[in-house]
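Peer 1: No letters, just coordinates:
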């Protein structure tokens, strides 16, 4: 990465918060820096910091990319769908 296009971030954080966060991130085969960078990229892409909104938007993208997804033409068509499916 070109040093002219990078920034060093430094901040003070409670040690317990950092260690708890790191232990979760490591269990998911990632690292703190990588996880924070991915979150920042999602915030930029989706223009929101709300994690629930980001996850919902990702779910919509995945559904749109699935050629086998079931589609409906109206809300009443959804309501008419048998519940056992």
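Peer 2: Sure thing, it's come through. Note that the structure is predicted; figures quoted are calculated from it, not measured. Numbering: from 1, shown residues only.
Peer 1: for the protein, what spans make up the helices?
Peer 2: 15-27, 32-46, 51-65, 75-79 (DSSP state H).
Peer 1: now the shortest one: mean pLDDT?
Peer 2: Confidence for helix 75-79, expressed as mean pLDDT, is 91.
Peer 1: Then stretch 45-61?
Peer 2: Computed over stretch 45-61, the average pLDDT equals 95.
Peer 1: Equivalent analysis for stretch 21-30, please.
Peer 2: Taken as a whole, stretch 21-30 has a mean pLDDT of 96.
Peer 1: List the buried residues of that stretch.
Peer 2: The neighbour-count check on stretch 21-30 (16 or more other C-beta atoms under 10 Å) flags residue 25 as buried. Every residue, glycine included, has its C-beta placed from N, CA and C.
Peer 1: and it, how far out from the chain's middle?
Peer 2: Relative to its chain's centre, stretch 21-30 lies at 15 Å (C-alpha atoms, centre = their mean, to the nearest Å).
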